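In: Okay, here's the prediction I keep looking at, along with the sequence it came from:
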Amino acid sequence: MPNTKNIEQVNELKETFSKAKAVYFTGYHGLNVGDITKLRSEFFKADVEYRVAKNTLIKLAAEQNEISGLDEVLTGSTAIAIAYNEPVAPAKVIKEFTKDNDLPTVKGILFEGEFLPGEEFKKLADMPSKEELLSQLVAMLISPLQKLASTLIAPMQNAVGVLNSLKKQKS
């Protein structure tokens, strides 16, 4: 008979999987306590939840959410990085953290309902964030308007320049 703690944890994981935009399954075995604390701190700054869970509990929660394909990633020690808002945020944190450390390794990614192999995290880490994409979009939308405004103003500026030079010649 399963204990109540495991049942609660499966229910939490089930809810997490249903709400999350992305879940990164990582192998962390080999990191010392200081490194894990630093990694958790970086995840916290990026608004990402990072927790260790038993593979069997993760598997049960995934099955309840009708998620398949996790058998290959649920081996060894597994920690999950959960992004509720920005799905590429965990990839960016892991990429930055692995510049100084060899771990964590990304075993697989559940990205907006689709399962991706762990190697795909580098592509996701190189993607611009939502804010960067929005700022690029705004810049592209504003650029034609700025050009139109400068084109419309140019004849008036030229006329003012001609009048100023005539004024200087007359005085």
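Out: Thanks, I have the structure now.

In: drop to CA atoms for contacts and neighbour counts, all remaining ones
Out: Fine.

In: now stretch 63-77: mean pLDDT?
Out: The average pLDDT within stretch 63-77 is 88.

In: for that stretch, which positions count as buried?
Out: Gln64, Ile67, Gly69, Leu70, Val73, Leu74, Ser77 (16 or more other CA atoms under 10 Å).

In: what's the closest of those residues to Leu141?
Out: Checking the buried residues of stretch 63-77 against Leu141 with CA to CA, the nearest one is Ile67 at 39.5 Å.

In: Any figure for the gap between the closest residue to the closest one other than its chain neighbours and Gly69?
Out: Leaving out its chain neighbours, the residue that sits closest to Ile67 by CA to CA, 6 or more residues apart in numbering is Gly113, at 7.9 Å. Summarising the geometry, the distance separating Gly113 from Gly69, computed by CA to CA, to the nearest Å, is 12 Å.

In: go on, Met156?
Out: Taking CA to CA as the measure, Met156 and Gly69 are separated by 66 Å.

In: need the helices for this protein, in chain order.
Out: When secondary structure is read from DSSP state H, the chain shows helices at 4-19, 33-45, 55-64, 89-97, 121-126, 130-170.

In: Ile109: which of these is closest?
Out: helix 121-126 (7.5 Å).

In: Give the other helices and strands that the closest one contacts.
Out: Using 3 or more CA pairs under 8 Å, 6 or more residues apart in numbering; DSSP states H and E as the contact test, the elements touching helix 121-126 are helix 89-97.

In: Please state the backbone phi and psi of Asn3?
Out: Dihedral angles of Asn3 (phi, psi; degrees, to the nearest 10) stand at phi -80, psi 160.

In: could the buried residues of stretch 63-77 go into TSV alongside distance to Leu163?
Out: Rendered in TSV, the data for the buried residues of stretch 63-77 read as follows (distance: CA to CA, whole Å):
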residue	distance to Leu163
Gln64	78
Ile67	74
Gly69	76
Leu70	76
Val73	76
Leu74	78
Ser77	79
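
In: From those, pick the one nearest Tyr84.
Out: Sorting the buried residues of stretch 63-77 by distance to Tyr84 puts Ile67 at the head of the list, at 17.4 Å, by CA to CA.

In: Next, work out how far apart the closest one and Ser18 are.
Out: 10 Å.

In: before we move on, what about Ala125?
Out: For Ala125, the distance to Ser18 under the criterion CA to CA works out to 23 Å.

In: same thing with Val52?
Out: Using CA to CA, one gets 18 Å for the distance from Val52 to Ser18.

In: what do you get for Phe97?
Out: Applying CA to CA, the value for Phe97 to Ser18 is 27 Å.

In: How is the protein divided into domains?
Out: By the assignment in automatic domain parsing, the chain contains the domains 4-127, 129-171.
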